[in-house]
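>>> sequence? don't have it. structure:
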C-alpha cells in the first residue's frame with residue numbers, strides 16, 4: 001500500500017506561494033507534521049474560451065434578431081427576428097449561457113506522495129446539470145478507474161454520492177452547515193470525517209485555513225481511501241470557490257453609495 005494512503009489522519013493546508021500561480025496547491029501532513037503528499041488543482045483552461053463563445057452566442061442572437069426584425073420581408077420574418085432578440089436579451093440579463101458553458105469545462109486534481117510520484121488523479125466532468133468526478137489510481141503503468149462521485153440532484157453540493165469502479169453505490173459525502181465539516185459514510189456507517197481546524201495558529205499568521213481528514217474505519221482498502229480522498233478534495237475546492245464568489249459579490253453589494261450633492 002502506498003504510504004500516503006496508509007495514514008489514518010491527515011492535515012490539509014493551503015501551500016504558501018511566493019508568486020502568483022494559475023494552479024492551487026495544498027500540503028498533506030501526517031500526525032507528526034511531516035509532509036507526506038501534495039494536492040495540485042489545475043483549473044479549467046477551456047473555461048474562458050467557452051465563456052467568450054457563450055457571450056458571442058448571446059450577442060449574436062440579439063444583433064441577428066434585431067437585424068431580421070428590421071429587414072424582414074414579411075411579418076413572420078419580423079416576428080422571428082423579434083423573438084430571437086428577446087431570447088438573446090433574456091440570456092444576457094437573466095439566464096447566462098456563457099456562465100453555464102464555462103462551468104462545464106473539465107478541471108483536474110493531482111495528488112502526489114512525498115517523493116513527488118503521482119498517486120491519485122481526479123477529473124471533473126458534467127452529467128446533465130451536476131458535477132461528476134472520476135477518480136483514478138495512477139500508481140501503475142496505466143490509469144485505473146477507482147470510482148466516481150457526483151452531486152445529489154435534490155441536495156446539490158450538500159451531498160455527494162460515491163460509486164466504485166463497478167458502478168455499485170459505495171457511500172455518500174455530506175457537507176455540514178457552513179462547510180465546516182464533511183462526513184463520509186459507507187452504506188449507513190460513518191467511515192471518515194473532513195473538518196476545518198477551529199483553533200489554528202497558522203491561520204492567525206498567514207490567514208490560510210487548515211483541515212483535518214480522519215479515516216475512522218481501519219478496514220477501508222487502499223482503493224476506497226483513494227476514492228474518498230480524491231472526491232473530498234474536489235468537493236472542498238469547488239465549495240470554497242463558490243463561497244469566494246458569493247463573498248466577493250456580497251462585498252460589492254455592501255459598498256456604500258455616495259451621497260448625492
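Thanks, I have it. All figures in this text were calculated on a predicted structure; none of them were measured in a lab.

>>> which element follows the helix or strand of the chain with the lowest mean pLDDT toward the C-terminus?
Every helix and strand of the chain was ranked by mean pLDDT, DSSP states H and E. The lowest is helix 201-206, at a mean of 53. With elements assigned by DSSP states H and E, the helix or strand that comes after helix 201-206 is strand 210-215.

>>> Can you list the strands that that following strand pairs with?
strand 9-14 (antiparallel), strand 189-196 (antiparallel) (DSSP bridges).

>>> average pLDDT across that strand?
Averaging pLDDT along strand 210-215 yields 84.

>>> Kindly report the same for stretch 43-60.
Here the average pLDDT along stretch 43-60 is 87.

>>> Could you report the distance from residue 181 to residue 192?
For residue 181, the distance to residue 192 equals 11 Å [C-beta to C-beta, to the nearest Å]. Just so you know, the C-beta spots here come from the backbone N, C-alpha and C atoms, and that holds for glycine as well.

>>> Show me which of these two is the more surrounded one.
residue 192 (23 against 15; other C-beta atoms under 10 Å).

>>> Give me the below-cutoff pLDDT ranges for this protein.
1-2, 16-21, 127-128, 178-179, 197-209, 238-261 (pLDDT under 70).

>>> This structure: strands as residue ranges?
Secondary structure of the chain by DSSP state E: the strands cover 9-14, 24-29, 35-42, 107-113, 118-127, 130-137, 144-152, 156-164, 169-175, 181-186, 189-196, 210-215.

>>> Export those strands as TSV, with columns for distance to residue 231.
Output for those, formatted as TSV (distance: least, C-beta to C-beta, whole Å):
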stretch	distance to residue 231
strand 9-14	14
strand 24-29	15
strand 35-42	13
strand 107-113	10
strand 118-127	7
strand 130-137	6
strand 144-152	4
strand 156-164	6
strand 169-175	6
strand 181-186	8
strand 189-196	10
strand 210-215	11
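
>>> Tell me which of those lies nearest to residue 77.
strand 118-127 (36.5 Å; C-beta to C-beta).

>>> Measure how that closest one sits relative to strand 144-152, angle-wise.
40 degrees (axes from the mean of the first three to the mean of the last three C-alpha atoms, to 10 degrees).

>>> Can you list the strands that strand 118-127 pairs with?
strand 107-113 (antiparallel), strand 130-137 (antiparallel).
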